[in-house]
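> Model the following, please.
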Amino acid sequence: ETAEHINAFWETRMRAQLFGLSDAERATLTPVVQTAMLSIRQPA
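Prediction:
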């Protein structure tokens, strides 16, 4: 559900920022977001 929302409504720029996070920054994301990242489309 979270990944579907991000894929549908987040701008490419926003998804790029999410995937641009360092490993240390990603570790601070909630488990819901960490799991959703497996299904979020990476920007081209």
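> mind checking the SS state of the residue nearest to residue 16 when sequence neighbours are not counted?
When the adjacent residues along the chain are set aside, residue 16 lies closest to residue 43, with 4.6 Å between them (CB to CB, 6 or more residues apart in numbering). C-beta coordinates here come from the backbone N, C-alpha and C atoms, glycine included. Going by DSSP: H, G, I helix; E, B strand; the rest coil, the secondary structure assigned to residue 43 is coil.
> residues contacting residue 43?
If a contact means CB atoms under 8 Å, 6 or more residues apart in numbering, then residue 43 has 12-13, 15-16, 19 as its contacts.
> Same check on residue 3?
Residue 3 makes contacts with 36-40, as judged by CB under 8 Å, 6+ apart.
> Check which helix or strand the residue lying farthest from the centre of the chain maps to.
Seen from the C-alpha centroid of the chain, the residue lying at the greatest distance (CA atoms, centre = their mean) is residue 24, 14.6 Å away. For residue 24, the host element (DSSP states H and E) is helix 23-26.
> Same check on residue 38?
Judged by DSSP H and E, residue 38 forms part of no helix or strand.
> If you drop the residues flanking it in sequence, what lies closest to it?
The shortest distance from residue 38 to any non-neighbouring residue, by CB to CB, 6+ apart, is to residue 3 (7.6 Å).
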